[in-house]
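Enquirer: only geometry, no sequence info:
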């Protein structure tokens, strides 16, 4: 067992690096020149349905045959030798993923053994992780009698049993009621923020990403559109303000233009970008000089939703586009 | 209970040796069906021919030639007699393997379990070896293990066989035959199991393959004996005559050809498994 050391030190740092990954089912390209590098943290893998999220996770597990490019997970080339890395990855599939005719504890222990754990360790760990995910009282019940919320927790437990470095979670809150969703996200956030797991959370729910993740990867039609922090950049050169008022619109705009500040009309509102060091001061001056009565003046902050919709908007990327 | 109160401990490896993945699969798959009383009952029934043969061997020794005349193959203590014993076990092989093996992969496909297996550090060979070992164990339970028991019993109660025959030659022939036939049966049954996501379909295909082709071959062999090659189980038993040194079962098919067919079945099963078992999700 060459990787026992790796298993025994699950908190060791490890990164994921993908370069020029391209994959197609037949003639339909699913991933196109995807390149990114992830350090251990919580990453939201965002994209509309059919954008290639699950395929990308499969690629990271070494499940794709015929993919071009490099997939390096925890120092292992996943196209050549994926087994060593899989010992350090926990995978929670979206659909199914429950082994029938087994109790919860039996299923988790069984999958622990398949991950390379000794039998007694796997059994002990399965009790521990089922307790952690809140299934301690239901662990001896047949897994196929579990409710949807319990199934999702069980799938998380099986992903955790061998104490991996990374968790790949494919739509973990799919089909959950609001309280189930909140408690599952609470678990995932705890694992990512407090327990030191790297997490890739594949979802089309922006709220889930906002709850848990520090970084995002945005995919659309197999193209990686963005990779960055979840917090929107507030340190740029310009600050955008939304302005609404009454008076001579043209004079107000001319006054701003004379000060070197472009103003863009959006129906009844102005969207005005001013240098960050100047702030709203120049807008107030221009309004005073032209007797333009301000009714509303507020800083515009781009939300994750704004960013996501801006990136995946059909007008922003053509289907044939092959790069970021 | 909130997460922070439950806590989470990272795993500390006890340092004990981990079992290979195929063995973890096989162990669970072998142990689980035994919990069914119906299967246990069937296994006991499958040993009845061995018990009957054992009893006849005993009385043959006690009553001499009279019972030998009445008993036919049942009293035969040569390797051909033990090959005949394996023929009697064929119906049990059909039924027990259908119960044990038909759903082994079907269930995993139905419940998208393959994704769970192959997210672990195991490959197709580990998976097939584990599942195949389950089938072979139950195949041995109704063929090889009773044959071993009969050999030991036969050696103890008869005076018509030597220790060399009963304790070495026949068990070796039996082991060779059962390993070959068991591997081929396992690969074919797993291939059938991988073709569907419904257990009923897998059982139906298995029964058609075993009982259906045998019945069909019986009929069409009346017109041309060589067409007996269409019988799937017939090839196993006919091929077995070569290993046991018995007379061929099928008139128009040479035992060596049948043995080749058995190997071909196994190879075809493996090829199907390679195509069908992929760690992809079932998208409904």
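Expert: That came in fine, so what should we check first? These numbers come from a predicted model, not from an experiment. Residues are numbered from 1 along each chain as shown, chains lettered A, B, ... in the order given.

Enquirer: all contacts plus neighbour counts: C-alpha atoms, from now on.
Expert: OK.

Enquirer: any idea where the strands of the stretch 201-324 of chain A begin and end?
Expert: A:215-220, A:223-229, A:238-246, A:263-266, A:269-275, A:293-299 (DSSP state E, counting those that start in this stretch).

Enquirer: Reformat these as a markdown table; add distance to residue B:237 and mean neighbour count.
Expert: Below are these laid out as a markdown table (distance: least, CA to CA, whole Å; neighbours: other CA atoms under 10 Å in any protein chain shown):
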| stretch | distance to residue B:237 | mean neighbour count |
| --- | --- | --- |
| strand A:215-220 | 58 | 24 |
| strand A:223-229 | 58 | 19 |
| strand A:238-246 | 84 | 18 |
| strand A:263-266 | 85 | 14 |
| strand A:269-275 | 86 | 19 |
| strand A:293-299 | 85 | 13 |
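
Enquirer: quick one: which of these is nearest residue A:122?
Expert: Of all these, the one in closest proximity to residue A:122, counting by CA to CA, is strand A:215-220 (32.2 Å).

Enquirer: Can you flag the weakest of the strands of the stretch 201-324 of chain A by average pLDDT?
Expert: Mean pLDDT per stretch puts strand A:223-229 lowest among the strands of the stretch 201-324 of chain A, at a mean of 80.

Enquirer: which SS class is the residue positioned nearest the centre of chain A?
Expert: The centroid of chain A falls nearest to residue A:44 when counting by CA atoms, centre = their mean (0.6 Å). Following DSSP: H, G, I helix; E, B strand; the rest coil, the label given to residue A:44 is strand.

Enquirer: returning to what we had before: would you reformat the strands of the stretch 201-324 of chain A as a markdown table and include distance to residue B:85?
Expert: Formatted as a markdown table, the strands of the stretch 201-324 of chain A follow (distance: least, CA to CA, whole Å):
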| stretch | distance to residue B:85 |
| --- | --- |
| strand A:215-220 | 64 |
| strand A:223-229 | 64 |
| strand A:238-246 | 89 |
| strand A:263-266 | 90 |
| strand A:269-275 | 91 |
| strand A:293-299 | 89 |
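
Enquirer: Distance to chain B for those - can I get that in CSV?
Expert: Below are the strands of the stretch 201-324 of chain A laid out as CSV (distance: least, CA to the nearest CA, whole Å):
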stretch, distance to chain B
strand A:215-220, 20
strand A:223-229, 21
strand A:238-246, 39
strand A:263-266, 43
strand A:269-275, 44
strand A:293-299, 37
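
Enquirer: burial of residue A:111, as a residue count?
Expert: 26 (other CA atoms under 10 Å in any protein chain shown).

Enquirer: what does the one 10 residues further on give?
Expert: Taking other CA under 10 Å as the criterion, the count of residues near residue A:121 is 21.

Enquirer: List of residues touching the helix or strand containing it?
Expert: Taking DSSP states H and E as the criterion, residue A:121 maps to helix A:119-132. Applying CA atoms under 8 Å, 6 or more residues apart in numbering or on different chains, the set of residues contacting helix A:119-132 from outside is A:105-106, A:108-110, A:112-113, A:136, A:139, A:154, A:157-158, A:160-162, B:3, B:6-9, B:11, B:13-14, B:18-19.

Enquirer: Next, see if the host helix or strand of residue B:173 gets close to chain A.
Expert: Secondary structure from DSSP H and E places residue B:173 in helix B:170-194. No: against chain A, helix B:170-194 shows no contacts by CA under 8 Å from any CA of the partner chain, the least distance being 15.8 Å.

Enquirer: going on from that helix, what's the next piece of helix or strand?
Expert: Using DSSP H and E, the helix or strand that follows helix B:170-194 towards the C-terminus is helix B:199-207.

Enquirer: still on that earlier bit, would you enumerate the residues in contact with the residue nearest to the centre of chain A?
Expert: Here residue A:44 is in contact with A:200-203, A:209, A:213-217 (criterion: CA under 8 Å, 6+ apart).

Enquirer: that older thread, who are the packing partners of the helix holding residue B:173?
Expert: Under the contact criterion of 3 or more CA pairs under 8 Å, 6 or more residues apart in numbering or on different chains; DSSP states H and E, helix B:170-194 touches helix B:79-88, helix B:90-101, helix B:106-110, helix B:124-142, helix B:144-157, helix B:199-207, helix B:232-244, helix B:255-276.

Enquirer: CSV please, covering those helices and showing mean neighbour count.
Expert: Output for those, formatted as CSV (neighbours: other CA atoms under 10 Å in any protein chain shown):
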stretch, mean neighbour count
helix B:79-88, 21
helix B:90-101, 19
helix B:106-110, 23
helix B:124-142, 22
helix B:144-157, 20
helix B:199-207, 19
helix B:232-244, 25
helix B:255-276, 18
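
Enquirer: Which of those helices sits closest to chain A?
Expert: With CA to the nearest CA as the criterion, chain A lies closest to helix B:106-110 of the helices and strands packed on helix B:170-194, at 7.0 Å.

Enquirer: Ignoring the adjacent residues along the chain, who's closest to residue 255?
Expert: No chain specified, so I'll use chain A. Spatially, and ignoring its direct neighbours in sequence, residue A:255 is nearest to residue A:286 (5.7 Å; CA to CA, 6 or more residues apart in numbering or on different chains).

Enquirer: Actually, chain B is the one I wanted.
Expert: Distances taken as CA to CA, 6+ apart put residue B:239 closest to residue B:255, at 4.5 Å, once the chain neighbours are dropped.

Enquirer: what's near enough to touch the one you found?
Expert: Contacts of residue B:239 by CA under 8 Å, 6+ apart are B:255-260, B:262.

Enquirer: repeat that with 6 Å
Expert: Residue B:239 makes contact with B:255, B:258-259 under the criterion CA atoms under 6 Å, 6 or more residues apart in numbering or on different chains.

Enquirer: what's the pLDDT at the closest residue to residue B:250 other than its chain neighbours?
Expert: In this structure, residue B:250 finds its nearest non-sequential neighbour in residue B:238, 6.2 Å apart by CA to CA, 6+ apart. Each residue has a pLDDT score; the one for residue B:238 is 93.

Enquirer: Distance check, residue B:238 against residue B:244.
Expert: 10 Å (CA to CA, to the nearest Å).

Enquirer: quick one: low-confidence ranges for the stretch 1-150 of chain B?
Expert: Low-confidence segments of the stretch 1-150 of chain B (pLDDT under 70): B:1-6, B:63-75.

Enquirer: Quick one: name the residues of it near chain A.
Expert: Within the stretch 1-150 of chain B, the residues that sit near chain A (CA under 6 Å from any CA of the partner chain) are B:6, B:11, B:13, B:16-18, B:21, B:111-113, B:120-121.

Enquirer: If we use 7 Å, what do you get?
Expert: B:3, B:6-8, B:10-14, B:16-19, B:21, B:24, B:111-113, B:115-116, B:119-122 (CA under 7 Å from any CA of the partner chain).

Enquirer: Please consider this matter closed, and thank you.
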